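Participant: How does the following fold in three dimensions:
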Amino acid sequence: MKKHAIVLAMMMAAALQAQTGHAQEKQRSARGDLVYRIVTKWSGHVQEAYRADVRRWARDMVPVFSQVPLDTLAKAADAKTFDAMNDMLLNDGERANMSLMQGIRSGSLKTPEKALGDAAADLVYVPVTPCRILDTRIAGGAIAGNTTRDFDVTAVANFGFQGGSATDCGIGSVGSFAAAVINFTVVTPSAAGYITAFPLGTAQPLAATLNYVAGDIRGNLAIVKLDQGPAANELSVYSFAQTHLVGDVVGYFINPQATNFNCVETSVSTFNINANTINFFNNPACPAGYKAITPYCWTASSGVYSQGGGYNANLNTNLTFCAWQNTTGATQQVFGGNVCCRVPGR
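Facilitator: Down below sits the predicted model:
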């Protein structure tokens, strides 16, 4: 990838020099060097994040690199992020903006796809008040040496049958979840050894959740993955030596879940449009954490007509605008606001 990017950058630099044949040699060389830096720095990102054909992207970007002023190109080359580099070029005039957008429309750039959480990896932690879910001194008896015992952790209304609390410990009603945070305590093991907690139905890992010596009373906090299959139990605990075991849950990790949009409306701003003019006005900004979804634009003035609305591409503040044409001979009032949304997630 790096070798390909270097060759591509050299090709782009040569193309730029060919387009600027009447410029001074020194300026052509400086522009070529800056293009070389940008392409070698970001071609890998373009290919990975935008699933782009890098050569098509290069062809679409040549007009952008050749048209922007040299000082703007230098700032773009020094940008720390790809978005910041794009902003430097996009904010330097309509031609650069249109050239970059052409890359997206032509297919050399594609919008990155983002998902709301990976169901297996992007788990959400929920803390709970510490609560006992198992105690073999009260129910079940000591775990025999070199054996495994299974325990129920999720969808339990009363943990009393395992020697735990006579409640659901604040986790019984949440359904299945992927992992639990449990403080395990061994009580008077018969010999030195260890316990290993692991998901039900899986191979016992070569790892120790807690190490102990004979007669010990010792605890350790562990995050334990749980089985999410149809079995009643989700957790297995192996013990090297005979021991009693106590388990107190302090939290759990649950799978992410898409939720409905949470939307608000901004205040409505009033703008004055002069007689016989066409103009646009930026709408109020969204609250922190929200993004503008759509502008709303209206007027009660006869002879004033909407010319559309959308995002203001020249600003980095997620502002939308409303455009108007006033065909009357007097100043008229128009109004604009934003519908702003966020995805709360879980």
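Participant: Please count neighbours and contacts with C-alpha atoms only from this point.
Facilitator: Noted.
Participant: ranges for the strands of the stretch 101-250 of the chain?
Facilitator: Secondary structure of the stretch 101-250 of the chain (DSSP state E, counting those that start in this stretch): strands located at 124-135, 147-151, 179-187, 193-199, 210-212, 217-225, 235-239, 244-254.
Participant: Would you mind telling me which of those is nearest residue 288?
Facilitator: strand 124-135 (22.2 Å; C-alpha to C-alpha).
Participant: quick one on the thing from earlier: as TSV, the strands of the stretch 101-250 of the chain with mean neighbour count and distance to residue 64 would be great.
Facilitator: Shown next, in TSV, are the strands of the stretch 101-250 of the chain (neighbours: other C-alpha atoms under 10 Å; distance: least, C-alpha to C-alpha, whole Å):
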stretch	mean neighbour count	distance to residue 64
strand 124-135	19	43
strand 147-151	15	63
strand 179-187	23	50
strand 193-199	22	55
strand 210-212	20	61
strand 217-225	17	51
strand 235-239	22	59
strand 244-254	22	46
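Participant: For residue 77, which of those is the nearest?
Facilitator: With C-alpha to C-alpha, the closest approach to residue 77 among the strands of the stretch 101-250 of the chain belongs to strand 124-135: 37.9 Å.
Participant: In stretch 80-87, which residues are buried?
Facilitator: Across stretch 80-87, burial judged by 16 or more other C-alpha atoms under 10 Å covers 85, 87.
Participant: Residues touching that stretch, excluding its own?
Facilitator: Residues from elsewhere that reach stretch 80-87 (C-alpha atoms under 8 Å, 6 or more residues apart in numbering): 42, 75-79, 316.
Participant: Now flag whichever of these is closest to residue 283.
Facilitator: residue 316 (13.8 Å).
Participant: Chain neighbours aside, what residue packs nearest to residue 331?
Facilitator: residue 274 (4.4 Å; C-alpha to C-alpha, 6 or more residues apart in numbering).
Participant: what about stretch 274-290, distance to the chain center?
Facilitator: In terms of C-alpha atoms, centre = their mean, to the nearest Å, the centre of stretch 274-290 is found 29 Å from the chain centre.
Participant: ok so, going back, columns mean pLDDT on top of the strands of the stretch 101-250 of the chain, output as a markdown table?
Facilitator: A markdown table is the format used below for the strands of the stretch 101-250 of the chain (pLDDT from 0 to 100):
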| stretch | mean pLDDT |
| --- | --- |
| strand 124-135 | 96 |
| strand 147-151 | 98 |
| strand 179-187 | 98 |
| strand 193-199 | 98 |
| strand 210-212 | 98 |
| strand 217-225 | 97 |
| strand 235-239 | 98 |
| strand 244-254 | 97 |
